[in-house]
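[1] need a structure here:
(one chain, ligands or ions: 1)
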Amino acid sequence: MKANQLQVNQIQLNIGGVSILKDISFSLSEGERIGLVGPNGAGKTSVINCITQFEKRYKGEITFANKLLNKENPQDLPKYKIIRTFQNLGLFNELTVLDNFYIAAHQSFETNLKNLFTLEKNIKKEAQKLLENESIDLDDMISDLSYGQQKIVEFLCALIQRPSVLILDEPAAGLNDFEKSRMIEMILMKQRELNFSLLVVEHDVNFVSTLCQNVVVLQSGELLCTGCPEEVFQRKEVIQAWIGESNG
Ligand SMILES: Nc1ncnc2c1ncn2[C@@H]1O[C@H](COP(=O)(O)OP(=O)(O)OP(=O)(O)O)[C@@H](O)[C@H]1O
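    Numbers count the residues shown, from 1 in each chain. Prediction:
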């Protein structure tokens, strides 16, 4: 059995007297792909904000490889190789694809004037490799790419930071069916090459079922159930709480 990499232990989050998360626990093992799902307002983004320490007002414990993350700052998380994307594209539109790779990589790697040149040369090489088989050039402006291509660049910018744990917030949002299949293919291919574990927040049932081995379902800040998608997505309470709404 693979070791748990990321452990979320009895997370509670109260803001202004409102209970946002109630005793949420789950774990992500090495190489595992988990979908974090649930209706709007269920608490999915709040969970990943707690994991990545953007939200510090929670109670409970979050550990990575048995190290407690609670006291870390969000900017320290790349040191653990926990990398996240955001719901809205986190790219710089008026810059090139390569510039966006540089910016992403500089968040994760220590740069000083001495290693700047070598680092940038290596980033360029890695970026070129990540873009293999894509009809996207390093010199392309982000604003000239289609939305689907921008989502792929965003994903690859997360990969250049060499994640152990990759947290994707709605990677399929706004994509058409063809682009969604391409995105799944690309995530699976890159995971085989680079060996990260994946926590993905997504509303698309088919996307999650195809990509993830397990799902964690939230409803109104509570953990409704966990299990493999085939089993969980058949459950009456999940259909009522989420699938009816997201397919409706
Ligand atoms: N900083 C905050 N202050 C007060 N309430 C908040 C804050 N952040 C989130 N909430 C509330 O917490 C609940 C959960 O929000 P959250 O964004 O985590 O849900 P979600 O499952 O990610 O929703 P969606 O699918 O719409 O993105 C919502 O009712 C939201 O209004």
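
[2] CA only for contacts and neighbour counts going forward, please
    Will do.

[3] show me how far stretch 53-62 is from its chain's centre.
    17 Å (C-alpha atoms, centre = their mean, to the nearest Å).

[4] residues making contact with it?
    6-15, 23, 46, 49-51, 68-70, 72-74, 77 (C-alpha atoms under 8 Å, 6 or more residues apart in numbering).

[5] and it with the ligand, contact?
    No. Applying C-alpha under 6 Å from any ligand atom, one finds stretch 53-62 out of contact with the ligand, separated by at least 8.1 Å.

[6] just the buried members of the contacts of stretch 53-62?
    Listed as buried from these are 6-13, 46, 49-51, 69-70, 74, 77; burial here means 16 or more other C-alpha atoms under 10 Å.

[7] picking up where we left off before, among the contacts of stretch 53-62, name the ones in strands.
    Mapping the contacts of stretch 53-62 onto strands (DSSP state E) picks out 6-15, 23, 68.

[8] which of the buried ones among the contacts of stretch 53-62 sits closest to the ligand?
    Distance to the ligand across these (C-alpha to the nearest ligand atom) is lowest for Ser46, with 3.6 Å.

[9] let me see the contact set for the closest one.
    Ser46 neighbours (C-alpha under 8 Å, 6+ apart): 20-21, 55.

[10] what would the residues you listed look like in CSV with pLDDT and neighbour count?
    Listed next are the contacts of Ser46 as CSV, based on pLDDT from 0 to 100; neighbours: other C-alpha atoms under 10 Å:
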residue, pLDDT, neighbour count
Ile20, 96, 19
Leu21, 97, 25
Glu55, 94, 16
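
[11] what is the burial count for Ser16?
    Actually, residue 16 is Gly rather than Ser. Neighbourhood size, Gly16 [other C-alpha atoms under 10 Å]: 6.

[12] which residues of this protein lie near the ligand?
    When proximity is defined by C-alpha under 6 Å from any ligand atom, the chain lies next to the ligand at 15, 20, 39-46.

[13] thinking again about what came up before, closest one of the contacts of Ser46 to the ligand?
    Taking C-alpha to the nearest ligand atom as the measure, Ile20 is the one of the contacts of Ser46 closest to the ligand, at 4.9 Å.

[14] any buried residues in the helix or strand harbouring that closest one, and which?
    Using DSSP states H and E, Ile20 falls within strand 18-29. Of the residues in strand 18-29, 20-22, 24-29 count as buried by neighbour count, 16+ other C-alpha under 10 Å.

[15] flag the shaky bits of this protein, pLDDT-wise.
    For the chain, residues meeting the criterion pLDDT under 70 lie at 1-4, 87-89, 108-118, 243-248.

[16] in this protein, which spans are helices?
    Under the criterion DSSP state H, the chain contains helices at 44-51, 97-108, 113-130, 147-159, 177-194, 205-211, 229-232, 236-238, 244-247.

[17] mind checking which of those is nearest Leu218?
    helix 44-51 (7.1 Å; C-alpha to C-alpha).

[18] between that closest one and strand 18-29, how many degrees?
    70 degrees (axes from the mean of the first three to the mean of the last three C-alpha atoms, to 10 degrees).

[19] export helix 44-51 as PDB, just CAs?
    Output of helix 44-51 as PDB, limited to C-alpha atoms (Å, rounded to 0.1, in the frame of the first residue of the first chain):
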ATOM      1  CA  LYS A  44     -14.300  22.800  -2.000                       C
ATOM      2  CA  THR A  45     -12.200  26.000  -2.500                       C
ATOM      3  CA  SER A  46     -12.200  26.500   1.300                       C
ATOM      4  CA  VAL A  47     -10.600  23.100   1.700                       C
ATOM      5  CA  ILE A  48      -7.900  23.800  -0.800                       C
ATOM      6  CA  ASN A  49      -7.300  27.200   0.700                       C
ATOM      7  CA  CYS A  50      -6.700  25.500   4.000                       C
ATOM      8  CA  ILE A  51      -4.400  22.900   2.500                       C
END
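
[20] measure how far that helix is from the centre of its chain, please.
    From the chain centre to the centre of helix 44-51 is a distance of 11 Å (C-alpha atoms, centre = their mean).
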